[in-house]
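Participant: Got a predicted structure plus its sequence, pasted below:
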Amino acid sequence: MAELCSLREAVSQLIHDGDTVAMEGFTHLIPHAAGHEVIRQGKRDLSLVRMTPDLVYDQLIGSGAAKSLRFSWGGNPGVGSLHRLRDAVEKGWPHKLDIREHSHADMANAYVAGASGLPFAVLRGYTGSDLPKHNDHIRFIQCPYTGETLATTPAVRPDVTVIHAQQADRQGNVLLWGILGVQKEAALAAKRLIVTVEEIVDKLEAAPNACILPKWVISAVCHVPGGAFPSYAQGYNERDNRFYLAWDAISRDREAFTAWIQRHVRDTADFAEFRRVYAESSQLAEAA
């Protein structure tokens, strides 16, 4: 059952060193605040999973929190590469990162399999692809009914899934809308679920069947307004495109990245203070 608590408490109690952690969100509702709290608390040896790792995973990897990454695409959307991810894979900094790349369809089906309590997912895919040559977890079976060759992939069953949403009520029922990606499937596949939300309301004004994450599947609900920044939360705030552009320069250099993480994340008490520090540093940069 959902407990309303601070993000600091949720991360401390529910995310442990060595856990498999999924932080999902597709262009929208990306749980940046939770990623920062993981860095702040110095979590280590995490096996990260995400369909589309972008800036928050670049920060986690560069900060040394991750030992592996299972994903289907990685980049700074609309800008270019994730330089901390590339540095970890290509040069082992801050340490070696094991990666397993899959297709989008593979990852989506893997989450569905995990949510269904199945050991693997079956999909019609990878025909003509070289990806199975580089990922021995992608395997093939013959359909017992048609004889067709089908691809399989291990289910994703995170120890912890983290998502951001627009609203929760005081009982812990969560409402989210807009581009959803695989948030629901990732949430239901996990042993523990942390949800950060824009606001907590007395009553969700939800249409029938709109609430897809009821209180009994959620471990913790944390009130973190703006917790998806710099991504957007439909109905609450817009995407900060300047941040994505600025991140390309910040993340290219190890020293610049380390200094940025220290000042903006490790030296701040919470995400609200991060937002204040970031706003101040951005204003100073513009004035210069």
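Facilitator: Perfect, I can see it now. Everything numeric in this text was worked out from a predicted model, so none of it was measured.
Participant: In contact with the nearest residue to Glu9 once chain neighbours are set aside: list those residues for me.
Facilitator: Leaving out its chain neighbours, the residue that sits closest to Glu9 by CB to CB, 6 or more residues apart in numbering is Ala220, at 7.5 Å. All C-beta atoms are positioned from the backbone trio N, CA, C, and that covers glycine. Applying CB atoms under 8 Å, 6 or more residues apart in numbering, we find Ala220 in contact with Ala2, Glu3, Leu4, Cys5, Glu9, Ala10, Gln13, Leu14, Leu193, Ile194, Val195.
Participant: Show the contacting residues for the last one.
Facilitator: Just to be clear, that refers to Val195. Residues touching Val195, when contacts are defined by CB under 8 Å, 6+ apart, comprise 2, 162-165, 168, 174, 187, 213, 218, 220-222.
Participant: Am I right that Ala10 is in a strand?
Facilitator: No - looking at Ala10 with DSSP: H, G, I helix; E, B strand; the rest coil, it is helix, so not inside a strand.
Participant: Is it in contact with Ile194, as I believe?
Facilitator: Yes - contact criterion CB atoms under 8 Å: Ala10 and Ile194 qualify, at 4.9 Å.
Participant: where do the contact lists of the two overlap?
Facilitator: Shared contacts of Ala10 and Ile194, defined by CB under 8 Å, 6+ apart, comprise Ser219, Ala220, Cys222.
Participant: And the contacts of the helix ranked longest in the chain?
Facilitator: Secondary structure of the chain read by DSSP state H shows that its longest helix is helix 271-287. Applying CB under 8 Å, 6+ apart, the external contacts of helix 271-287 come out as 7, 32-33, 36-37, 224-227, 229, 242-243, 246, 263-265, 268.
Participant: and those residues, which of them are in strands?
Facilitator: The subset of the contacts of helix 271-287 located in strands under the criterion DSSP state E is empty.
Participant: ok so, going back, pLDDT of the longest helix of the chain, averaged?
Facilitator: Confidence over helix 271-287, taken as the mean pLDDT, stands at 83.
Participant: Can I get that helix in CSV? Just the C-alpha atoms.
Facilitator: The C-alpha trace of helix 271-287 is given here as CSV (Å, rounded to 0.1, in the frame of the first residue of the first chain):
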residue,chain,number,x,y,z
PHE,A,271,15.3,19.0,-6.0
ALA,A,272,13.7,22.3,-5.0
GLU,A,273,17.1,23.6,-4.0
PHE,A,274,18.6,22.2,-7.3
ARG,A,275,16.0,24.2,-9.2
ARG,A,276,17.0,27.4,-7.4
VAL,A,277,20.7,26.8,-7.9
TYR,A,278,20.3,25.9,-11.5
ALA,A,279,18.1,29.0,-12.1
GLU,A,280,20.7,31.3,-10.5
SER,A,281,23.6,29.8,-12.4
SER,A,282,21.7,30.1,-15.7
GLN,A,283,21.0,33.8,-15.0
LEU,A,284,24.6,34.4,-14.3
ALA,A,285,25.7,32.7,-17.5
GLU,A,286,23.2,34.7,-19.5
ALA,A,287,24.4,38.0,-17.9
